[in-house]
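*Asks:* Generate coordinates for the sequence data below:
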Amino acid sequence: MKSEYSLTQGNIFITLVKFGLPLLGVNFLQSLYNIVDMMVVGHYVGSVGVAAISNASTICFIINSICIGVTTGGSVLISQNIGAQKEKEVNKIIDNLMIISIIISLLISVVGINTIKPLFQMINVPHVAMEVACNYMIIMYVGTIAVFGYNMVCAIMRGVGNSRSPFVYVLIATIINIILDFVLVGKLDMGVEGAAIATVIAQCISFLIALAEIRKCEFIRIRVPRGIDKKISLSILNLGLPTALQMVIVNVAFLIINGMLNIYGINVIAGYGIGLKINTFVGMFCWAIGQSVTIMVGQNIGANKNERVIETVKIACLINIVFTGILVFFVNVFATNIIALFDNSLEVIKEGTKYLRLCCSVNSIIYALMYTFDSFLIGIGKARLAMINAMLDAFVIRIPLAFFLNYFFQLEETGIYLGQAIAPIAPMIVGIIYFSKKSWVGKNLISA
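*Replies:* This is a model prediction of the structure:
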């Protein structure tokens, strides 16, 4: 393997940042084209369109969570085999990851198209936004196989230590998506459906380019899979499914929160949707560092460099606290101006600003630490513990607290926002305790 892809040597801070910056670019661009979707729809369609995308976005996050989670199982397995210098096993892992990705993406498409309207009815999507929200999601479900394919290729590249190529792929998708947004929604007046078509076309083109590029990698072979290896597939799923479920659980919690907020009307859900997008921007830095931690930990666990694993996590925590704090300060100062970029309705601005000042301020630092430790857990192969942490966040704290503050203290949407703000505290503590005990040292090498 090329030394430039090795994460088992060199200065840890520099390696984390060098590997993480392209991932930050990926996170930024993915958030950017989601936000551009909302801005263009808000400008040309109005608050009904924004409310439709706010509700549909949560479903899209769940789909992406499954894609990213399952392919991350392959990525961690690849990284640990690379660290252990078992490069011949990598292509076997890729074959099985490809088969798994195709099967799961087709299942998501079929089930999703047939259940989307009842799901939206269950979470109280406003009647005026129901039809366009359903149309948006049907189009997105059709494109699920491209989303899976793109995430699979990016997971492979990250696993071998290359974070730059995924940045290029998503940059291409973002440029295409933004151009098509203005053409389909603005010029051709295709509304919310046009935004969905723009996203699917962009993802398909990006996937095809990524597929063509990865074939040039000297020790990676992309081919028609020759069959499924039960042991390798189970290893991928043992890592990938808990990771996917971890992300799905969090997004299901957000879906339930959407349902709680929908009863307060279009302005509240639109303001919340915009605020959540901004909060996503704040979180993307810690996601990039966390993704770097997962792959660095994976390679170093494979190479039996446990002290380097410990230092990696400590340095990642420091980086995330400092940079997230800077972003939180900026968002608090300019909250009203930022919300106004998306919707100039005074009520929407008021609700979005309230969400940012209550939730983003408290939540982001806690979340940055929680995500770092969850990324460490996935990297050492303890994806199930990270999944349990997600359940603790969602079903023990986030939803019950939001419900309690909303209905018993009559704090309405303010209580729901407060519940979101403090939800990551318990899983953060669990992660710190497990990391500090060091019972994981020498026990988590996964062999394909």
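*Asks:* what about the spatially most central residue of the chain, helix or strand, and which?
*Replies:* Geometric centre of the chain, nearest residue: Ser65, 5.8 Å, by C-alpha atoms, centre = their mean. Assessed by DSSP states H and E, Ser65 sits inside helix 47-83.
*Asks:* For that helix, give the mean pLDDT please.
*Replies:* Helix 47-83 shows an average pLDDT of 83 in the prediction.
*Asks:* What ranges in this protein fall below the confidence cut-off?
*Replies:* Scanning the chain for pLDDT under 70 picks out 1-6, 217-226, 442-448.
*Asks:* hey, where'd the strands end up in it?
*Replies:* Using DSSP state E, no strands are found in the chain.
*Asks:* and stretch 203-218, which residues are buried?
*Replies:* Across stretch 203-218, burial judged by 16 or more other C-beta atoms under 10 Å covers Gln203, Cys204, Ile205, Ser206, Phe207, Ile209, Ala210, Ile214, Cys217. Bear in mind the C-beta positions are built from the backbone N, C-alpha and C, glycine included.
*Asks:* re earlier: distance from the helix holding Ser65 to the middle of the chain?
*Replies:* 5 Å (C-alpha atoms, centre = their mean, to the nearest Å).
*Asks:* isn't the residue nearest to the centre of the chain right next to Ala253, touching?
*Replies:* No. At 11.6 Å, Ser65 does not count as touching Ala253 under the criterion of C-beta atoms under 8 Å.
*Asks:* out of the buried residues of stretch 203-218, which one sits closest to Leu356?
*Replies:* Nearest to Leu356 among those, counting by C-beta to C-beta, is Gln203 at 28.9 Å.
*Asks:* which non-adjacent residue is nearest the closest one?
*Replies:* Leaving out its chain neighbours, the residue that sits closest to Gln203 by C-beta to C-beta, 6 or more residues apart in numbering is Ala146, at 4.5 Å.
*Asks:* The one you found against Cys204, yeah?
*Replies:* Yes. Taking C-beta under 8 Å as the definition, Ala146 is a contact partner of Cys204 at 4.4 Å.
*Asks:* gap between the nearest residue to Ile176 once chain neighbours are set aside and Val70?
*Replies:* Leaving out its chain neighbours, the residue that sits closest to Ile176 by C-beta to C-beta, 6+ apart is Ala202, at 4.1 Å. Ala202 is 22 Å from Val70, where distance means C-beta to C-beta, to the nearest Å.
*Asks:* Equivalent analysis for Gly20, please.
*Replies:* Distance from Gly20 to Val70, by C-beta to C-beta: 22 Å.
*Asks:* cool, Gly10 as well?
*Replies:* In terms of C-beta to C-beta, Gly10 sits 30 Å off from Val70.
*Asks:* quick one: which of those two has more around it?
*Replies:* Val70 (26 against 12; other C-beta atoms under 10 Å).
*Asks:* Distance of that one relative to Asn300?
*Replies:* For Val70 relative to Asn300 (C-beta to C-beta), the value is 23 Å.
*Asks:* how many other residues sit next to Cys60?
*Replies:* Other residues close to Cys60 by other C-beta under 10 Å number 21.
*Asks:* Kindly report the same for Cys154.
*Replies:* Using other C-beta under 10 Å: Cys154 sits among 27 other residues.
*Asks:* who touches the closest residue to it other than its chain neighbours in this structure?
*Replies:* Excluding the flanking residues, the one nearest Cys154 by C-beta to C-beta, 6+ apart is Pro166, at 3.9 Å. By C-beta atoms under 8 Å, 6 or more residues apart in numbering, the contact set of Pro166 is Pro22, Leu23, Val26, Val153, Cys154, Met157, Arg158, Ala210.
*Asks:* likewise Leu392?
*Replies:* Counted by C-beta under 8 Å, 6+ apart, Leu392 has contacts Ala426, Pro427, Val430.
*Asks:* Nothing else from me, thank you.
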